[in-house]
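Enquirer: Dropping the sequence and predicted coords here.
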Amino acid sequence: MGNQDTRVRGLAARAGGWSARHRWAAVGIWVLFVVLAMGLGSAAGRVDVKDSDQLKGETHAAAKIIEDAGIDEPASETVLIQAKDAGGKATDADFRAAVAAVMKAVEGTGKVTDVTSPYDTRTISKDGRSALVQFDMRGEADTAGDRVEPVLKAVEGVQKEHGSLRIEEIGGASMMKTFDDAFGDDFEKAELSAVPVALGILLIAFGALVAALLPVLLAVSAIMATMGLMGIVSHVMPMSDTANSVMLLVGLAVGVDYCLFYLRREREERQAGRDAQTALRIAAATSGRAIIVSGVTVCVAMAGMLFTGLAEFEAMGLASLMVVAVAMVGSVTVLPALLSLLGERVEKGKIPFLHPESKLRRKRAGNRESRFWTAVLKGVLAKPVVSVVVAAGALLAVAAPALGMKTQNLTLDQEFGNSLPIVGTYNRVNDAFPGGSEPAEVVVKADDINAPEVTGALAAFKAKAISSGASRGPVEIKLHDAQNLAFVYVPLVGGSDFDKAGQSLDTLRDEVRPATLGKVDGVEAPITGQVAGSEDFNDQLTGAVVPVFAFVVVFAFVLMLLSFRSLTVAITSIVLNLLSVGAAYGILVAVFQHGWGASLVGAEGVGAIITWLPLFLFVILFGLSMDYHVFVVSRIREARLRGRTTRDAIQHGVVTTAGVVTSAAVIMVAVFAIFGTLSMQSMKQMGVGLAAAVLIDATIIRGVLLPAVMALLGERNWYLPKWLNRLPDLTHDEAADAVAAPAARDDEGEPLRV
């Protein structure tokens, strides 16, 4: 067999061949790359997204004014003092004594400043049963949670002395500490448990320790390298902890998947009787090419996040894109080098009870097809019309609830339910002082903040905010004379109900501000706060949906068209992926918005989907779905190139990839499901949405709809209009060359091109 017969022209095949021939160099270059990336990233340090860059609109304008003025807003805390008895009043002697005791106790910690009495600030509820002692934490707001414990203990001490009253603390610092204590370890355990879960599933899939370790080690090394690269890149585009967590999830998923695809194909070819060199070359030309096509498509999908204009999304998109690119490069370079080095030793560490086959049976295993999927495919291909109608109808029914999707930033009680005592405090503060725990903040900038017209406008704004019905007060004004700024805090009517509070915010922005502060020349008065941030985030995200969707769909379509040179394959790929995403949306809405079966996943029907999740899921799922799609369609195309009929090629492609697709899907579902076990509803929504979508994609889409649709289309699967023949040819016909088998030919004796 001469070189001319076995030569391959694809990038993946050439990369794999070079790595196999220069295995120590390939491994050394990879290790050097990982070490250098980590070292340089550590030396450079990571620059995180600033608050002023998180959003556009008024929220951004307000944060920018505060940042430019050099004002570090402290973390504010509030102590609720409330009579347990309906007859108790803030004017009672024991109530006044409790207020004084709270003020003295928190001041005595030395950790707070600007302690105010409710009798001075008039923060007493309308029914007279509740009052608020307010103060600020000393030091930086970002680290206030680390210093708040002595203050919390001081408040607890006062509570013990006044049993007839409810005395409890809430604020930025105390919530930060509560969440860190309750969920910091939760997140860490979830991230750390993902690796052992993936390794356990790979052990079952391969039945050998070395073979199972390779994908995990390469995925982890890709993640480590990307962490270093994130530090370097963050000096151009800031990163965040959220981006780091998403990168870890995506990196583990695609890193393991890519190696799994490659390793299973190489193993399959060796078990079919081919020598190690030929098996490796075939794996490089087939699975290696599928990895590159899939990887580039996933990168394009992740790049869609860069079009949102939201700093957090841009960081997640860039981090995910980098880890996919690094994992893809590692899979087609260092993996073949390691397989060449290990040879038969890749089967070391066999687990007997998982694979008790004889040597002869193992040899035949390469050609063994999944009995389950063979049976399913037999029915699907026998009645493709029925299969399409039933499967597509079922998925459309599942997707139907998505038409009524409601998105919003979840409130504290929606996010955590009754799992934390601080949620009860949050609700009691909002009941007694609607909007008091999350007031709107008006940042007023003037040439002279003490000018008569400015002070008059501030007073008018304060009065009109209440008379307009947007707030019931008290409205607090805090001056910063040196910076010519004023902060106006306005509790919004609606409180923790973001819909009603949003209406109050609109009244402030559209009616109150123009009639007061808006009449003074040179005054800027952007309105920020949690409700404003949620509204601005929603507005910006809504505006980003169309460009992101269009970018991802169009570029994925073009990549599929160039990679398979088939208009039909490109169109069906997009339609099937959109159907998969739609079904995932439907499940999310049914479970988390309507509460159908919520208890089955340990969730609650919170009435809404967190704002960022739909777009995030679309980008992630559209990218990850291409993993399976490209892998399965590549195998079908390969079989067609080797002379099988389209129907036989579909049967062969689906059943021979069933094992690896199932293993990859189980790993993804298991990893994502871990995040579905967290107590935060937003994390549950993300975990359940991702896990459900991957499960649907790997079973109904790839196992039923894809083969049924392709069976109906027949030879039209490979249709490419003549006017598109000038497009670049990225197919390279690698599969037919790589297996050193004669390419299928048409009636005129010309090689078959599909």
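Expert: That came through fine. In this text the structure is predicted, and so the values were computed from the model without any measurement. Numbers count the residues shown, from 1 in each chain.

Enquirer: right, and the helix or strand after the helix or strand containing L32?
Expert: Assessed by DSSP states H and E, L32 sits inside helix 23-44. Where DSSP H and E defines the elements, the next helix or strand beyond helix 23-44 is helix 57-68.

Enquirer: For the protein, give me the ranges with low pLDDT.
Expert: Within the chain, the stretches with pLDDT under 70 are 1-9, 51-54, 182-189, 191, 352-370, 435-437, 495-496, 604, 729-754.

Enquirer: what's stretch 43-59 in contact with?
Expert: 60, 63-64, 66-67, 230-232, 234-235, 238-241, 309-312, 315, 509, 526-528, 532-533, 536-537, 539-540 (Cβ atoms under 8 Å, 6 or more residues apart in numbering). Quick note: C-beta positions are derived from backbone N, CA and C, even for glycine.

Enquirer: okay, how far is it across it, tip to tip?
Expert: Start-to-end span of stretch 43-59 (Cα to Cα, to the nearest Å) is 33 Å.

Enquirer: how much space between T516 and L508?
Expert: Between T516 and L508 the distance is 10 Å, computed by Cβ to Cβ, to the nearest Å.

Enquirer: Between those two, point out the one with more neighbours.
Expert: L508 (24 against 21; other Cβ atoms under 10 Å).

Enquirer: To what extent is the residue nearest to S287 when sequence neighbours are not counted buried, counted in neighbours?
Expert: Leaving aside its sequence neighbours, S287 sits nearest to R265 (Cβ to Cβ, 6 or more residues apart in numbering; 4.1 Å). Residues lying near R265 (other Cβ under 10 Å) number 26.

Enquirer: Just the element for R265, please.
Expert: Assessed by DSSP H and E, R265 sits inside helix 241-271.

Enquirer: Are there helices or strands packed against the helix or strand following that helix, and which ones?
Expert: Towards the C-terminus, the helix or strand next in line after helix 241-271, according to DSSP H and E, is helix 276-285. Here helix 276-285 is seen to pack against helix 11-21, helix 241-271, helix 311-342, helix 734-738 when contacts are counted using 3 or more Cβ pairs under 8 Å, 6 or more residues apart in numbering; DSSP states H and E.

Enquirer: Next, the angle from helix 276-285 to helix 11-21.
Expert: 150 degrees (axes from the mean of the first three to the mean of the last three Cα atoms, to 10 degrees).

Enquirer: next SSE after helix 276-285?
Expert: helix 287-303.

Enquirer: Kindly export that next one (C-alpha atoms) in PDB.
Expert: The C-alpha trace of helix 287-303 is given here as PDB (Å, rounded to 0.1, in the frame of the first residue of the first chain):
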ATOM      1  CA  SER A 287     -13.200  12.000  14.200                       C
ATOM      2  CA  GLY A 288     -10.400  14.600  14.100                       C
ATOM      3  CA  ARG A 289     -12.100  16.400  11.300                       C
ATOM      4  CA  ALA A 290     -15.500  16.200  13.100                       C
ATOM      5  CA  ILE A 291     -13.800  17.700  16.100                       C
ATOM      6  CA  ILE A 292     -12.500  20.700  14.100                       C
ATOM      7  CA  VAL A 293     -15.800  21.300  12.400                       C
ATOM      8  CA  SER A 294     -17.700  21.000  15.700                       C
ATOM      9  CA  GLY A 295     -15.100  23.100  17.600                       C
ATOM     10  CA  VAL A 296     -15.200  25.900  15.100                       C
ATOM     11  CA  THR A 297     -19.100  25.900  15.100                       C
ATOM     12  CA  VAL A 298     -19.100  26.000  18.900                       C
ATOM     13  CA  CYS A 299     -16.700  28.900  18.900                       C
ATOM     14  CA  VAL A 300     -18.900  30.800  16.500                       C
ATOM     15  CA  ALA A 301     -21.900  30.100  18.800                       C
ATOM     16  CA  MET A 302     -20.000  31.300  21.900                       C
ATOM     17  CA  ALA A 303     -18.900  34.400  20.000                       C
END
